[in-house]
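> based on what follows, work out the 3D shape:
(2 chains)
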Amino acid sequence: MKDTALTPGITGGRLPPEEYAENFSDLHPRPDHHEALVAADRCYFCHDAPCITACPTDIDIPLFIRQIATGTPEAAARTIFAQNIMGGMCARVCPVETLCEEACVRELAEGKPVLIGQLQRYATDTLMEAGIHPFTRAEPTGKRVAVVGAGPAGLSCAHRLAMHGHDVTVFDAHEKPGGLNEYGIASYKTPNDFAAREVEWLLKIGGIEVKTGQRLGAGLDLAQLRADHDAVFLGIGLGGVNALNLEGEDKDGLRDAVDFIADLRQASDVSKVPVGRDVVVIGGGMTAVDAAVQAKLLGALNVTLVYRRGRDRMNASVFEQDLAASSGVRIITGATPRAIIGNGAVREIEFEYTDDDLQPTGQTFRLAADQVFKAIGQTLHGEGLPDLDGHKIAVTGAGRTSMKGVWAGGDCAAGGDDLTVTAVAEGRDAAMDIHASLTNAGG
Amino acid sequence: MADLTSDFIGIKSPNPFWLASAPPTDKEYNVRRAFDAGWGGVVWKTLGEAGPPVVNVNGPRYGAIYGADRRLLGLNNIELITDRPLEVNLEEMKRVKRDYPDRALIASLMVPVNEDAWREILRRVEDTGCDGVELNFGCPHGMSERGMGSAVGQVPEYVGQVAHWCKKHSSLPVIVKLTPNITDVRKPAQAAMEGGADAVSLINTINSITSVDLDLFAPQPTIDGQGAHGGYCGPAVKPIALNMVAEIARDPATAGLPISGIGGITTWRDAAEFMTLGAGNVQVCTAAMTYGFKIVEEMISGLSQWMDEKGMTSTADIVGRAVPNTVNWKDLNLNYVAKAVINQDECIKCGRCYAACEDTSHQAISMSPDRVFEVIDAECVACNLCVNVCPVEGCITMEAMAPGEVDPRTGKVVEAEYANWTTHPNNPGACAAE
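Here you go, the predicted model:
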């Protein structure tokens, strides 16, 4: 008999084949020309616009929208890329509802912001699909910089350094560059291999060599990198996944949500990605929502997301929470996992309700679960790193670490939200600081 | 509900909204639809002499400019007068008038400047049963190259002469349609009046090139790589038309001359504004061409509601109400002092008032780090630019200072008395008030 949503256990092919394509198509398809012009006309071209302030990369949003409205989306794309070389990815994954679009004066005026993210997508896609890379490299400086991590922070840093004429080598532990853009974002946000195409387009600047399969601490040595290069940038992300610290966490059926998301992104056929009938996701951030929604899209019968605090404390934006709810994900808040029940494989999880201070209430419940995704946060991995601030690399100014000649940015560095756009900004700013220090050594 | 019936130089219509002579009134089919939709009258598309009709271009004949959301603000055309045989038009007019006896039907005419040509066309038109004629001295393109349209309207002597012929050879009311492509619109209006015309209508379209094709390097609309200037109309021309209507209404030489107002009228509000400045009724074209005939329903309901709110019972009550308040600059009260006031509850913090004032005006708006925008009374000259650029209607207002208050900009006490430039001490030609 064919597998369906009702099939117990963890299996692929729960849905009719045609449903997968629909479920994993673009969440927000690119606006067409007409839609873009209508949306652009709503921009008021505000003075010192709040949307710019809200953007971690300070994109001149009113200017690029005006450029779209006047029929020059290519110029609009240049405005975007000048501040944010990954403006294409950010147009897809930025939580705009908590950034630029939240700040839009038309959100205040009418509850309907200008569709900034969509317009950014329209502009950046136009230029990228024309195969145009809008920047040229300065005369080579002869300076060599090592960038560790080919995620948004590392690539942004590498691009800006290469643009200024430095020779950059990017090292990454994975098989492909892109970092979380490639492995860590829900498939329906970046379909059609966009992350890989964006990296390819970004590298057109020249002067960047990418070496994959190179992990810091496993053959790649920070001291050696420092010795061999004029500067080092660490954009290594958060390699470790937090554990539940419960007995039986090694039972079959328990996984890290990030691995599930990566499997989906790397799958040539998502229908083959196995998913449980009763799925429980533990956590309250974007990763938890990405895992929960995609489990549902793969045909899981019941998907429950359980978060230990209240809704208002969830790191996932209200938009993401609504997306989960409208996808059929049940969200339970104020509950902490207490026990993993099952013989060999997980069968149930027991939770206990907690109050606002995470104090146990004594009231428990159990959820049937043949698959459990852990998404309770990631931690920095690595030995011999610069000094830490809490669990992340301490930085001052534009990403300067405690080690001379070593900068850091993105999720691995302290400060800032763990967002693609924040990583891009930090990589860019560190690059400018590195450039300044390399070209003005005495000053 | 207010009575909207209109009596314009003896021509009755159920409301003061007529369709102007233009493409929407070129044939029976359209005019029947217009009357069914509720239009009070129609000025039929301009008729020319008998014989082979004029021909139009076979490519685009309109060009446009747009506001936000591609809202059409201005339209330009290079269409000529009707290109259908005179006989066909006359037969259709006769049938339509027979079937819609309560609506106004006006024949627009354009023939060469000789008495025989006008006598002949008037003879044929009278037979349709139409309510009047409108002499097209306004079209600025094509026909003007042949000595008609605005080529006549720009020479007051010709205007007066033709008006005179028309009154002489016809018993129909005569409306003279004026061109705005002239330095002083009062001159042809005076000539029309002296020639015996019953009314003037204005404005016809304005010489214009709406845009240039930046690939072809040719004006638009483009015909095989070339473009000619056309006639401009639509909401963008309304301010020009309003002023010209007011000029004629205020001129002692033409005082009391009935005016049919034309030029960018799109809503009931536009119509009311024209009427307050002296128009006895209004004619509409571009709004209908943009949105269809149905807009007249809004015009009827809107004008009616406003008249009720104002306690007006007849459209005649509106006509000219703003004329006494339309004065020359030298008559404006220089003792009147106002200041901009920003309603913080309405403000959406776009900062456009700030940019406009700071960059281009008087640096009279402050901006705090948390985007609170406030007027600096000591700098504000009440220019109104902030009001004009604010996206939120009513957010910024101009508030008059009360007499006795001190204007923080000048340090002077606001005077209660009216005083204008003619008596101002800075005016070298000032004369003491009597």
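> from now on I want contacts and neighbour counts done on CA atoms only, so please keep to that.
Fine.
> need the residues of the stretch 51-200 of chain B near chain A, please.
B:68-70 (Cα under 8 Å from any Cα of the partner chain).
> and which of those residues is nearest residue B:31?
Using Cα to Cα, residue B:70 comes nearest to residue B:31 of those, at 27.8 Å.
> list the contacts for that closest one?
residue A:38 (Cα atoms under 8 Å, 6 or more residues apart in numbering or on different chains).
> could you check how many residues crowd around the closest residue to residue A:11 other than its chain neighbours?
Closest residue to residue A:11 apart from its sequence neighbours, by Cα to Cα, 6 or more residues apart in numbering or on different chains: residue A:274 at 4.2 Å. The number of residues packed near residue A:274 is 21, by other Cα atoms under 10 Å in any protein chain shown.
> what is the helix or strand containing residue A:261 packed up against?
Here residue A:261, judged by DSSP states H and E, is contained in helix A:257-266. The elements that helix A:257-266 packs onto, with contact taken as 3 or more Cα pairs under 8 Å, 6 or more residues apart in numbering or on different chains; DSSP states H and E, are helix A:180-183, helix A:286-297, strand A:371-374.
> again, only this time at 7 Å
For helix A:257-266, the packing partners by 3 or more Cα pairs under 7 Å, 6 or more residues apart in numbering or on different chains; DSSP states H and E come out as helix A:180-183, helix A:286-297.
> any chance of those helices in a markdown table with distance to chain B as columns?
Below are those laid out as a markdown table (distance: least, Cα to the nearest Cα, whole Å):
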| stretch | distance to chain B |
| --- | --- |
| helix A:180-183 | 34 |
| helix A:286-297 | 30 |
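> out of those helices, which one sits most buried?
Among the helices and strands packed on helix A:257-266, ranked by average contacts under mean count of other Cα atoms under 10 Å in any protein chain shown, first place goes to helix A:286-297 (a mean of 27).
> got the angle for it vs helix A:257-266?
Interaxial angle, helix A:286-297 versus helix A:257-266 (axes from the mean of the first three to the mean of the last three Cα atoms, to 10 degrees): 50 degrees.
> contact partners of the very next helix or strand once past helix A:286-297?
As assigned by DSSP H and E, the chain's next helix or strand after helix A:286-297 is strand A:302-307. Here strand A:302-307 makes contact (Cα atoms under 7 Å, 6 or more residues apart in numbering or on different chains) with A:277-284, A:292, A:296, A:329-335.
> quick one: average pLDDT of strand A:302-307?
Model confidence over strand A:302-307, given as mean pLDDT, is 98.
> quick one: strands adjacent to that strand?
Using DSSP bridges, strand A:302-307 pairs in its sheet with strand A:278-282 (parallel), strand A:330-333 (parallel).
> report the contact partners of residue A:374.
Counting by Cα under 7 Å, 6+ apart, residue A:374 makes contact with A:255-257, A:281-283.
> which one of the residues you listed is nearest chain B?
Minimum distance to chain B across the contacts of residue A:374 is 34.8 Å, recorded for residue A:283 (Cα to the nearest Cα).
> test my guess that residue B:140 contacts residue B:209.
No: the criterion here is Cα atoms under 7 Å, and residue B:140 misses it with residue B:209 at 12.0 Å.
> buried stuff in the helix or strand of chain B with the lowest mean pLDDT?
One helix or strand of chain B scores below all others by mean pLDDT, DSSP states H and E: helix B:150-153, with a mean of 92. For helix B:150-153, burial by neighbour count (16 or more other Cα atoms under 10 Å in any protein chain shown) applies to B:150-153.
> before we move on, what about stretch A:302-321?
Quick answer for stretch A:302-321 (16+ other Cα under 10 Å): A:302-311, A:314-317, A:320-321.
> tell me the SS of residue B:366?
The three-state label given to residue B:366 by DSSP: H, G, I helix; E, B strand; the rest coil is strand.
> can you report how many residues neighbour it?
16.
> okay, and the beta partners of it?
Applying DSSP bridges, one finds that residue B:366 bridges with residue B:374.
> let me know whether it touches residue B:375 as I believe.
Yes: with contact defined as Cα under 7 Å, residue B:366 counts as touching residue B:375 (6.3 Å).
> tell me which of the helices and strands packed on helix A:257-266 lies nearest to residue B:259.
Of all the helices and strands packed on helix A:257-266, helix A:286-297 comes closest under Cα to Cα, at 68.0 Å.
> count the residues that sit near residue A:17.
Residues near residue A:17, counting by other Cα under 10 Å: 11.
> what about the closest residue to it other than its chain neighbours, how many neighbours?
Excluding the flanking residues, the one nearest residue A:17 by Cα to Cα, 6+ apart is residue A:271, at 7.2 Å. For residue A:271, the count of nearby residues is 22 (other Cα under 10 Å).
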